[in-house]
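Trainee: got a predicted structure plus its sequence, pasted below:
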Amino acid sequence: MRRLLLLVPLALFLGMAVFLYRGLWLDPSELPSALIGKPIPAFSLPAVQDGKLLSEADLKGKPALVNVWATWCVACRVEHPVLNKLAELGVNIYGVNYKDDNAAAQKWLVEFHDPYQLNINDARGTLGLDLGVYGAPETFLIDKAGIIRHKFVGVIDERVWREQLAPLYQELVDEAQP
């Protein structure tokens, strides 16, 4: 009986060790989204630049990146030049300015250039909450119908674009062709 009592903690320890060992190979930047395959959530929010009301309908019509960004986000500053290059190449990018001061966002876009076709002012973070955003930057790929097809958490640099997101974006562009 006494030996059995000694084996219980050992078995628990080994079970926990196997569980934790498996975690060493998981990718921490891969945060699954329950919204994959679902439409972008409904919203009605002002545009950063002119205050015009925008909704999910404004994001439909062509495949796009929906980039969640903020002026307080250091990583967004690193990502921004890559977004500008992508916009110059014709990639359709919509911005969601997340929990930010609109005047600061406008200044940022003048200073660092504006890669966004549309830019949503999500000052309270309601759209971000509906999208399941953990922070900024986060980027969603949507198809022409506004269906979320992929979520990427972190900075889009040239390698991430080339190896991960460009092939997915190109698939969406090809699907959108008549």
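Mentor: Thanks, I have the structure now.

Trainee: tally of neighbours for residue 40?
Mentor: Neighbours of residue 40 under the rule other Cβ atoms under 10 Å: 23. C-beta coordinates here come from the backbone N, C-alpha and C atoms, glycine included.

Trainee: tell me the pLDDT of it.
Mentor: Residue 40 is assigned a predicted lDDT (pLDDT) of 97.

Trainee: which ones are touching it?
Mentor: By Cβ atoms under 8 Å, 6 or more residues apart in numbering, the contact list for residue 40 reads 56, 59, 66, 131, 140, 142, 146-148.

Trainee: before we move on, what about residue 154?
Mentor: 29, 75, 137-138, 160.

Trainee: so which of those residues sits lowest on pLDDT?
Mentor: residue 29 (50).

Trainee: how about residue 94, what does it touch?
Mentor: Residue 94 neighbours (Cβ under 8 Å, 6+ apart): 59, 64-67, 116-120.

Trainee: again, only this time at 6 Å
Mentor: Applying Cβ atoms under 6 Å, 6 or more residues apart in numbering, we find residue 94 in contact with 59, 64, 66, 117-118.

Trainee: for the record, mean pLDDT for the helix or strand containing it?
Mentor: Following DSSP states H and E, one finds residue 94 within strand 93-98. Across strand 93-98, pLDDT averages out at 98.

Trainee: need the contacts of residue 154 in a markdown table (columns: neighbour count).
Mentor: Converted to a markdown table, these look like this (neighbours: other Cβ atoms under 10 Å):
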| residue | neighbour count |
| --- | --- |
| 29 | 9 |
| 75 | 15 |
| 137 | 24 |
| 138 | 22 |
| 160 | 17 |
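
Trainee: which element is the residue nearest to residue 157 when sequence neighbours are not counted on?
Mentor: Distances taken as Cβ to Cβ, 6 or more residues apart in numbering place residue 82 nearest to residue 157, at 5.8 Å, with adjacent residues excluded. Secondary structure from DSSP H and E places residue 82 in helix 74-88.

Trainee: what comes up buried for that helix?
Mentor: Under the neighbour-count criterion of 16 or more other Cβ atoms under 10 Å, helix 74-88 has 76, 79-80, 82-83, 86-87 buried.

Trainee: stretch 61-72 now?
Mentor: For stretch 61-72, the neighbour count (16+ other Cβ under 10 Å) marks 63-71 as buried.

Trainee: got it, and stretch 92-108?
Mentor: By 16+ other Cβ under 10 Å, the buried positions in stretch 92-108 come out as 92-100, 102, 105-106, 108.
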